[in-house]
Structures are given as C-alpha cells and as structure tokens.
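A.B. asks: have a look at this fold, sequence not included:
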C-alpha cells in the first residue's frame, strides 16, 4: 500500500516528492477533491512545496454516504498520497507520487474540524472544484438561489453548516470576529468568469444572513478568475489495476491525465499566494482572452469533430481525427471562423 512508511520503496522510474511530506504545513483548504483537482491544482502545488512548505492542502469532501466514507478512509490509509500518471500522445508515460494533499476531512463526520481549519490563520486560500452547477445560481434570474433547502438550512444554522457557502461564510465570520484577514476564494472550475460567479454566490449568501458581514467579505476577500485545462478521465477498477501494473505501486487512488495542462490565474489574492509561476501558472490581470481561446478553439472544435464523427460511426476521437474530411473540416472552422475572432492577451 502506498503511504509514508513505504514511499521510498517505489521503483526508480516513479518520481517522488522533492520534499519531506512531514515538513509540509497547510495553507490551502480545497473543496471537491476529485480527479481533476488531484491532476491539476495539487500537481502545481506539489511542484513548489520544496521551496514553500507552508502551502500544503487540506481537502474537504461535502457529500456523505458509503462511497464518500470509503474514499475518506482510503486517503487516511495512504497518508493522502496518490500517483499521477501522465500520458503523452506518443504513448510515453511518466508517474509521480503527489504529496501536496496533507489531510482529508469528510465534513459530515466532523463539521467543526472543517470550520476550525478554515478559521485558522494558516489558511490563506480556499479553493474549490465544484462544477458549474455547484454555485447554486438560479438560471432564470441569474442570482444566488436562496430558496435552495440546503442553503435555507445553513442561513439559519451557520454554526453547523452543510454547504460550501455555509462553511466558507461561517469561517469568514469567525475570522472577522477574531480580527484575522479574510482568505482568497479561488475557483478551479471549467466555468467562464468563475471568480465573478463565486463572488455572486458567497456574497449573496452572506447578504441574506448578515448584510454587514457581506460587506466585510466583499471588501476583504478576493475571488480571482481562472482558466483551467487538463483532460482527466474517470479511473475504473480495471484502469487502476493497469496503472498500478505499470507503476509498480499499490495505490488505491491512482489518477491518469494527458501530459498537457494549463492554468491561467488572475493575480488577485487577499493574503498572499505561493509562487506558482515557477510551476507554470500564468498570472494575468484578465483571463477573458484566454477563456475565449479555450472555449472557441478547444471546446468548439471538439463539437465540430464529434457530431459528424458519430454520424459516420466513429466511437473515439483518435479515430475521427484520422479521417481526412473531418480533420479538414475542423481546420477550416478554426482558421476561417475562430481565429479571426481572437485577440492576443496584453499580459
């Protein structure tokens, strides 16, 4: 089993952390510890911890149930270690053990421990990967949905919350009352202007609970926009066996991803940040142009390829892209329709 006791027994081809995981202190709390987060944000943080050991991550799971409890138990058994296998187009693979995640809390089992971690002066960033639907924005009005039953519960039980909005706003109230700084609320979702959406959601929740607290949050917390990109598929039981056969590890939590990854992040932090530029993060003043490139070049081209490919009987992207007609159609779309609409970023 992969854990701190036997991490050094890994075969030489597996890249191990270039720091002692026991020396890492938490500076980030992350909601939504799924495969994308583990292959993306956690990887970037992992790459800077040898120089900045106070930016470790405490993961938080909000859902309860058998699957969630099993996942939490596996994280504990493995000391929150896991392997990341990166696959290149030419078939090459690299495997590394990620140790950026230093604890994992299941909120339903100990909500007060989550609140204590969020309220700790050491926590300076709260990040999240909760998907577009997780922001609880009413599609008709465009406002934060206060009628959501879970939201209503938290508005009247802020000391015992169940939603990310309740946890974060409750912790910010504690920090304000203790004279501490607010933290940065950092979205890592594939959602355009995700920081602006997060601002609307968390300040909207706080406004419904306490307008003065909402004003304090609006003035002191920050919500940077971000563009994130990496293909990170689901890992089935069969996939996990194949990944472990390749790596030689006994890992119950392996992750696999393409070898490409990108993170463009608005440089807007309330209480400092790690030097993620050394790990490849692009810090900018405005992510809008980068979002346009991704949505129009990447996402739209996938649609342009997939729909006719399905009609032609193809099941996989690699099959479709080898069809000369489909490939030419996508290239025409990008060159003639998309590229003329884009502009280079000033950052």
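C.D. replies: Thanks, I have the structure now. Not measured: the values here are computed from a predicted model.

A.B. asks: for stretch 299-307, the distance to its chain's centre please.
C.D. replies: Taking Cα atoms, centre = their mean, to the nearest Å, one finds the center of stretch 299-307 at 24 Å from the center of the full chain.

A.B. asks: what about the chain, any weak spots by pLDDT?
C.D. replies: In the predicted model of the chain, residues 344-347 satisfy pLDDT under 70.

A.B. asks: for it, what spans make up the strands?
C.D. replies: Counting by DSSP state E, one finds strands in the chain at the ranges 14-15, 26-31, 56-61, 82-87, 93-98, 101-106, 125-128, 184-187, 226-229, 255-258, 262-266, 282-284.

A.B. asks: what is the shortest one packed up against?
C.D. replies: It refers to strand 14-15. Secondary-structure packing of strand 14-15 (3 or more Cβ pairs under 8 Å, 6 or more residues apart in numbering; DSSP states H and E): strand 93-98. For glycine as for every other residue, the C-beta is placed from the backbone atoms N, C-alpha and C.

A.B. asks: buried sites along the strand it packs on?
C.D. replies: 95, 96, 97, 98 (16 or more other Cβ atoms under 10 Å).

A.B. asks: save the residues you listed as CSV, and put in distance to residue 58 too.
C.D. replies: Listed next are the buried residues of strand 93-98 as CSV, based on distance: Cβ to Cβ, whole Å:
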residue, distance to residue 58
95, 25
96, 21
97, 19
98, 14
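
A.B. asks: ok, which of the strands of the chain comes nearest residue 139?
C.D. replies: Closest to residue 139 of the strands of the chain is strand 184-187 (Cβ to Cβ; 18.4 Å).

A.B. asks: just to revisit the earlier point, of the strands of the chain, which is nearest residue 244?
C.D. replies: Between residue 244 and the strands of the chain, the shortest gap by Cβ to Cβ is with strand 82-87, which sits at 8.0 Å.

A.B. asks: list the buried ones in that closest one?
C.D. replies: So for strand 82-87, counting by 16+ other Cβ under 10 Å, buried means 82, 83, 84, 85, 86.

A.B. asks: picking up where we left off before, adding distance to residue 244, write the strands of the chain out as a markdown table.
C.D. replies: What follows is those, written out as a markdown table (distance: least, Cβ to Cβ, whole Å):
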| stretch | distance to residue 244 |
| --- | --- |
| strand 14-15 | 11 |
| strand 26-31 | 25 |
| strand 56-61 | 22 |
| strand 82-87 | 8 |
| strand 93-98 | 10 |
| strand 101-106 | 19 |
| strand 125-128 | 28 |
| strand 184-187 | 32 |
| strand 226-229 | 27 |
| strand 255-258 | 11 |
| strand 262-266 | 28 |
| strand 282-284 | 34 |
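
A.B. asks: out of the ones you listed, which is closest to residue 45?
C.D. replies: Nearest of these to residue 45, taken as Cβ to Cβ: strand 56-61 at 6.0 Å.

A.B. asks: quick one: strands adjacent to that closest one?
C.D. replies: In the sheet, strand 56-61 lines up against strand 26-31 (parallel), strand 101-106 (parallel) (DSSP bridges).

A.B. asks: how far out from the middle of the chain is the first one?
C.D. replies: In terms of Cα atoms, centre = their mean, the centre of strand 26-31 is set 11 Å apart from its chain centre.

A.B. asks: kindly report the same for stretch 25-43.
C.D. replies: With Cα atoms, centre = their mean, you get 6 Å for stretch 25-43.

A.B. asks: quick one: end-to-end length of it, please.
C.D. replies: Stretch 25-43 has an end-to-end distance of 16 Å (Cα to Cα, to the nearest Å).

A.B. asks: check stretch 291-300 too.
C.D. replies: One end of stretch 291-300 sits 12 Å from the other (Cα to Cα).

A.B. asks: give me the buried positions along it.
C.D. replies: For stretch 291-300, the neighbour count (16+ other Cβ under 10 Å) marks 291, 292, 293, 294, 296, 300 as buried.

A.B. asks: closest to residue 240 out of those?
C.D. replies: Nearest to residue 240 among the buried residues of stretch 291-300, with distances taken as Cβ to Cβ, is residue 294, at 29.4 Å.

A.B. asks: so that closest one sits against residue 230, correct?
C.D. replies: No - assessed by Cβ atoms under 8 Å, residue 294 is found out of contact with residue 230, at 11.4 Å.

A.B. asks: before we move on, back to that, widest-spaced pair of the buried residues of strand 82-87?
C.D. replies: Comparing all pairs in those by Cβ to Cβ, the longest separation belongs to 82 and 86, at 13.4 Å.

A.B. asks: between the two ends of stretch 128-140, how far is it?
C.D. replies: Taking Cα to Cα as the measure, stretch 128-140 stretches 24 Å from start to finish.

A.B. asks: I misspoke; the intended subject was stretch 190-199.
C.D. replies: This stretch, stretch 190-199, spans 16 Å end to end (Cα to Cα).

A.B. asks: give the buried residues for it.
C.D. replies: Buried residues in stretch 190-199, counted by 16+ other Cβ under 10 Å: 190, 191, 192, 193, 194, 195, 197, 198, 199.

A.B. asks: mind putting the buried residues of strand 82-87 into a markdown table with distance to residue 73?
C.D. replies: Listed next are the buried residues of strand 82-87 as a markdown table, based on distance: Cβ to Cβ, whole Å:
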| residue | distance to residue 73 |
| --- | --- |
| 82 | 14 |
| 83 | 18 |
| 84 | 21 |
| 85 | 23 |
| 86 | 27 |
